[in-house]
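[1] here is my input; please provide its structure:
(2 chains)
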Amino acid sequence: MPIIVNLDVEMAKKKMSLSELSDKIGITMANLSILKTGKGKAIRFSTLESICKELNCMPGDILEYREKLN
Amino acid sequence: MKITGKGSISNFVEILLKIAFVVGIIVFILLPWILGQYLEHITNQSNEFYWAILIILYITGLPMLIIVYQFIKMFNTLKKATPFIMENVTYLRRASICSGIISLVYLVGVFVFQSVFILVIIGIFLVAWLGLYILSELFKQAIDFKEENELVI
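    Numbering: from 1, shown residues only, chains lettered A, B, ... in the order given. Below is the predicted model of the structure:
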């Protein structure tokens, strides 16, 4: 998919582990892992909101559009 | 009353299906003898149709046993309360194909024995053939929806 999830980059910047973030935003580790590895198909605004709040960043820091190379 | 899971209606139906399966196998094995006894009972003499009836019953009996077996396996997944899996699509599709075979065999059989009963059987299995196929497609779509839903975080 041309939409890239940069959650791992943002988490590394804030030095937050997956379990720590999952505890703070109330999403299971398994689901957060799906999101982090780019396997997810969509993200709820509410999830995006809590991630941005905890990591103190913008949605654009987490999601990136990169044109598909054919 | 619980529909799925332990101690539910589906559990009860599964037990009935298992009994039907075992009885079905026994009847299947003893078919030549049972059919002979039955024909003797209703006609009081050896019947010219004995072999034709026996062949048709054997050809349609096997798919019927397969259908019952597929349903047992499907109800097993209901017991675990996980009905929306690809295996169930396969089971439904197999049951649908078997229903198709049975209806086609009786469609040929109706030319040998003109009977209203055979027409009823053809009707039932034709509907089962198409109905089970549509159900399998519905299950497939439900699985797609479920996966889509699970991947929305």
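[2] can we go C-alpha only for contacts and neighbour counts from here?
    Fine.
[3] interface residues of chain A facing chain B?
    Contacts of chain A with chain B, taken as C-alpha under 8 Å from any C-alpha of the partner chain, map to A:Asn31, A:Leu32, A:Ile34, A:Leu35, A:Lys39, A:Gly40, A:Lys41, A:Ala42, A:Ile43, A:Arg44, A:Thr47.
[4] and the strands in chain A?
    A:3-5, A:63-65 (DSSP state E).
[5] need these in CSV with distance to A:Lys53 and mean pLDDT, can you?
    As requested, the strands of chain A are exported to CSV (distance: least, C-alpha to C-alpha, whole Å; pLDDT from 0 to 100):
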stretch, distance to A:Lys53, mean pLDDT
strand A:3-5, 17, 90
strand A:63-65, 15, 92
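[6] which stretch among these comes nearest B:Ile124?
    Among the strands of chain A, the nearest to B:Ile124 by C-alpha to C-alpha is strand A:3-5 (50.7 Å).
[7] count of residues packed around residue 31?
    If you meant another chain, say so; for now it's chain A. Look at A:Asn31: counted by other C-alpha atoms under 10 Å in any protein chain shown, it has 16 neighbours.
[8] the intended chain is chain B.
    If you count neighbours by other C-alpha under 10 Å, B:Leu31 ends up with 17.
[9] could you do A:Met16 as well?
    15.
[10] let's see the pLDDT reported for it.
    What the model reports as pLDDT for A:Met16 is 89.
[11] for chain B, which segments count as helices?
    Applying DSSP state H to chain B gives helices spanning B:9-29, B:31-43, B:50-79, B:86-112, B:116-150.
[12] including distance to chain A and mean pLDDT, could those go into JSON lines?
    Supplementary listing: the helices of chain B in JSON lines, determined by distance: least, C-alpha to the nearest C-alpha, whole Å; pLDDT from 0 to 100:
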{"stretch": "helix B:9-29", "distance to chain A": "31", "mean pLDDT": "94"}
{"stretch": "helix B:31-43", "distance to chain A": "55", "mean pLDDT": "87"}
{"stretch": "helix B:50-79", "distance to chain A": "24", "mean pLDDT": "92"}
{"stretch": "helix B:86-112", "distance to chain A": "20", "mean pLDDT": "94"}
{"stretch": "helix B:116-150", "distance to chain A": "7", "mean pLDDT": "94"}
